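J.: Structural data only, the sequence is not supplied:
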């Protein structure tokens, strides 16, 4: 499978615990994105990496959230002191820079569904 | 703020019919639009995209139409099949400069149900 891979698929945690999700992008893609999706809504942008550099962060990304992409390949998203409002699907996507005009389409993984009890 | 929205939250069609899913956007600076299909328990799957310098683009059984005058986007699916049943999202990218490449703003989604 050469698509975007996310792990775990599901995570149930108690309020106040820390959780970490992993994303492995398509191997030749240098751009990586994290989105969050709640039931019945479209995905919302959280943050974006080009190679190992985190270039943009949404205001949705509170200081309890941190994302890394240390070697420009896989990425992790950590949520500290989880709250019930953090319950959502966390989606990772990747793309490659295509010429000078922009991006290839974003290719999404199947997400990590987080439930905070 | 700027947003992308859909006219119809649900659409039911018979197998073999053509489907049209509509989307309105409000950001005149958007230069790129994309349609995704999302099945239950899966991530969004790319269908087709279009740049703002085009008004029509065709793929396999799908056509995207862009009307910049009224800020309207549509997805046409020909000969709709039960396997097309899913939630369909339109998304836009605001501008092409700086670090916003690939940052998409999604609409709410339309549920397409195809009856055999």
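T.: Thanks, I have it. Note that this is a predicted model, so its numbers are computed, not measured.
J.: So the residue in chain A that chain B sits nearest to: helix, strand or coil?
T.: Ranked by CB to the nearest CB, the top residue of chain A for proximity to chain B is residue A:42, at 2.9 Å. (Glycine included, C-beta is placed from N, CA and C.) Residue A:42 falls in the coil class when you classify it by DSSP: H, G, I helix; E, B strand; the rest coil.
J.: That one: how many residues sit nearby?
T.: 23 (other CB atoms under 10 Å in any protein chain shown).
J.: What residues does it make contact with?
T.: By CB atoms under 8 Å, 6 or more residues apart in numbering or on different chains, the residues touching residue A:42 are B:4, B:89, B:91, B:106, B:107, B:108, B:109.
J.: ok, of those residues, which one's closest to chain A?
T.: residue B:106 (2.9 Å).
J.: and that closest one, what pLDDT?
T.: On the pLDDT scale, residue B:106 is placed at 92.
J.: swap in the one 4 residues further on?
T.: The predicted local confidence for residue B:110 comes out at a pLDDT of 94.
J.: Please determine how far residue B:40 is located from chain A.
T.: For residue B:40, the distance to chain A (CB to the nearest CB, to the nearest Å) stands at 11 Å.
J.: Was I right to think residue B:103 contacts residue B:93?
T.: Yes - counting by CB atoms under 8 Å, residue B:93 is a contact partner of residue B:103 at 6.5 Å.
J.: neighbour count winner among these two?
T.: residue B:93 (24 against 21).
J.: For stretch A:5-16, report the contacting residues that lie outside it.
T.: Contacts for stretch A:5-16 (CB under 8 Å, 6+ apart): A:19, A:21-24, A:81-84, A:90-92, A:109-117.
J.: The residue of chain A closest to chain B - nearest residue in space that isn't next to it in sequence?
T.: residue B:106 (2.9 Å; CB to CB, 6 or more residues apart in numbering or on different chains).
J.: do residue A:24 as well
T.: Counting by CB to CB, 6+ apart, the residue nearest residue A:24 is residue A:5, at 4.3 Å.
J.: how many neighbours does the residue nearest to residue A:42 have?
T.: Residue B:106, neighbours per other CB under 10 Å, totals 22.
J.: three-state assignment of residue B:83?
T.: helix.
J.: so how many other residues sit close to it?
T.: Quick note: residue B:83 (other CB under 10 Å) scores 9 neighbours.
J.: pretty sure residue B:93 contacts residue B:27?
T.: No - between residue B:93 and residue B:27 there is no contact under CB under 8 Å: 9.3 Å.
J.: Which neighbours do these two have in common?
T.: Taking CB under 8 Å, 6+ apart as the criterion, residue B:93 and residue B:27 both touch residue B:105.
J.: which SSE is the residue most central in space within chain A in?
T.: Taking CA atoms, centre = their mean as the criterion, residue A:34 is the residue nearest the geometric centre of chain A, at 2.8 Å. Per DSSP states H and E: residue A:34 is located in strand A:31-37.
J.: Show me the contact partners of that strand.
T.: The contact list for strand A:31-37 (CB under 8 Å, 6+ apart) reads A:23, A:25, A:43-50, A:60, A:67, A:69, A:75, A:77, A:88-97, A:103, A:106, A:108, A:111, B:101-103.
J.: Separate out the buried members of these.
T.: Using 16 or more other CB atoms under 10 Å in any protein chain shown as the burial test, the contacts of strand A:31-37 include A:23, A:25, A:43-50, A:67, A:69, A:75, A:77, A:88-95, A:103, A:106, A:108, A:111, B:101-103 as buried.
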